[in-house]
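> for reference, the sequence and a predicted model appear below.
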Amino acid sequence: TLHYRQIEYGWYAMLIYNRNVAQLGNDRTGSKPVPHGAYIQAFRNGYAHAMPHSRMNYNNFLSLLFGAKYLSTFLYTSWPTWNAEEHPIDNRDPTLDPDASGLVSTLFDHQYPFAPREEFYVQKEINRQVANIGKALVRLQTSGVRFIRATNLEAGVQIDPFAGGMYDWDYGTRPDTHLTDVSVTRTGFSNTQDVWVGWFKPVHHTIDGSGTTNENYFMVVNGCWDTNETSTEQTIRLDFDFGEDGSINSLLRMSRLTGEIEVVPLTLITGCTYYLDLVLDGGQGDLFKYNNGISFLGLEKTGLRILK
């Protein structure tokens, strides 16, 4: 039986592989990357527990962090009966679809009239939030990914698909020199779960008025997921050093909830060093850029919302 971390690492490895293939492009040189997308799981075994909401978030937002340009929810309306005697399932939940023994949708009841389940409305809200930040992401190209690993990894399950740790957070090889450190605390727990940071650049130097493709955007995703009854909130501290550039003291964030641009103040440490404590629920992700006078891609100039 596979440990859940082995399954998780397998999913990470697939995200990495598909991102790398898309980055190489049709000619395999990397000079002309091509878009890629992701199928989002919306099915389960009929005996299994429903997918946690935090996991639904994670499936969508981590795919976006890896540069996916489209998401397609994949489900089965029905599948041949599972032979429970030959393949017993330890985590079956008889209160959920007690007659179902094959693969069924997480979004709809498996029997007529196929009414929407609670997860349908969760996915509907995720889709709305993805659309809000998607208007920027479709104009951005993935340029880097880094990983802050969970602190409670058990011995014997650390099957590492990350090519010698090249995706691990490292001060010396980080894609963005302003973001100097990332640290994590989990509300109510001594151990933390995975956190990802992904960087993006405009797909072409003419589309944001900066005249360069070096304008950095970055996305932070909380990789903590658990049952709906368990808190998955994590506080992610981001440390910044703007060197001699004293003009930057805040970030711009494209709100998942409204699609508007928010000015996010940073807390001064000393000189030109600052930090932000970012609180995210399980699986959620936020998209930022530095507030350096260059407009946020994907939004009409309708003003800024300043967070206090």
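Happy to help now that I have it.

> right, and the helix or strand after whichever strand or helix holds Ile133?
Using DSSP states H and E, the element containing Ile133 is helix 118-137. Remark: after helix 118-137, the chain's next helix or strand is strand 140-148, criterion DSSP H and E.

> quick revisit: packing partners for the helix holding Ile133?
helix 53-65, strand 250-254, strand 285-290 (3 or more C-beta pairs under 8 Å, 6 or more residues apart in numbering; DSSP states H and E). Just so you know, the C-beta spots here come from the backbone N, C-alpha and C atoms, and that holds for glycine as well.

> which other residues reach the last one?
Translated: strand 285-290. 61-62, 64-65, 133, 136-137, 178, 215-222, 248, 251-254, 256, 264, 278, 280, 296 (C-beta atoms under 8 Å, 6 or more residues apart in numbering).

> give the buried residues for it.
Gly285, Asp286, Leu287, Phe288, Lys289, Tyr290 (16 or more other C-beta atoms under 10 Å).

> again with stretch 115-131
For stretch 115-131, using 16+ other C-beta under 10 Å, the buried residues are Arg117, Glu119, Val122, Gln123, Ile126, Gln129, Val130.

> so what's Ser250 bridging to?
Pro265 (DSSP bridges).

> thought it was touching Asn292?
No. Shown here, Ser250 and Asn292 do not form a contact pair, counting by C-beta atoms under 8 Å, at 9.7 Å.

> residue ranges in the stretch 51-200 of the chain under the pLDDT threshold?
77-102, 112, 152-166, 171 (pLDDT under 70).

> could the buried residues of stretch 115-131 go into TSV alongside distance to Thr29?
Output for the buried residues of stretch 115-131, formatted as TSV (distance: C-beta to C-beta, whole Å):
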residue	distance to Thr29
Arg117	46
Glu119	42
Val122	41
Gln123	38
Ile126	35
Gln129	35
Val130	31
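
> now, among the residues you listed, which is nearest to His36?
Val130 (15.7 Å; C-beta to C-beta).

> burial measure for the closest residue to the closest one other than its chain neighbours, as a count.
Nearest non-adjacent residue to Val130, counting by C-beta to C-beta, 6 or more residues apart in numbering: Asn60, 6.0 Å away. The local packing of Asn60 (other C-beta atoms under 10 Å) involves 24 other residues.

> and Asn60, what is it in contact with?
Per C-beta under 8 Å, 6+ apart, neighbours of Asn60: Ile40, Leu71, Ile126, Val130, Gly283.

> and the gap between it and Ala50?
16 Å (C-beta to C-beta, to the nearest Å).

> who touches the helix holding Ile133?
In contact with helix 118-137 (C-beta under 8 Å, 6+ apart) are residues 42, 50-51, 53, 56-57, 60-61, 64, 69, 71, 73, 106-108, 200, 217, 254-259, 287, 296-299.

> what's the angle between it and helix 53-65?
Counting by axes from the mean of the first three to the mean of the last three C-alpha atoms, to 10 degrees, helix 118-137 points 20 degrees away from the direction of helix 53-65.

> where does helix 118-137 sit relative to the chain's centre, distance-wise?
12 Å (C-alpha atoms, centre = their mean, to the nearest Å).

> just to revisit the earlier point, of all the helices and strands packed on helix 118-137, which lies closest to Arg149?
helix 53-65 (14.3 Å).

> list the buried ones in the closest one?
For helix 53-65, burial by neighbour count (16+ other C-beta under 10 Å) applies to 53-65.

> now the element after it, going C-ward?
strand 70-74.

> ok, the spatially most central residue of the chain - contacts?
The structure's the chain has its C-alpha centroid closest to Leu62; by C-alpha atoms, centre = their mean the separation is 2.4 Å. Taking C-beta under 8 Å, 6+ apart, we find Leu62 in contact with Leu15, Trp196, Val221, Gly223, Gly283, Gly285.

> can you check Trp196 too?
Here Trp196 is in contact with Leu62, Leu65, Val145, Arg146, Phe147, Ile148, Val220, Val221, Gly223 (C-beta under 8 Å, 6+ apart).
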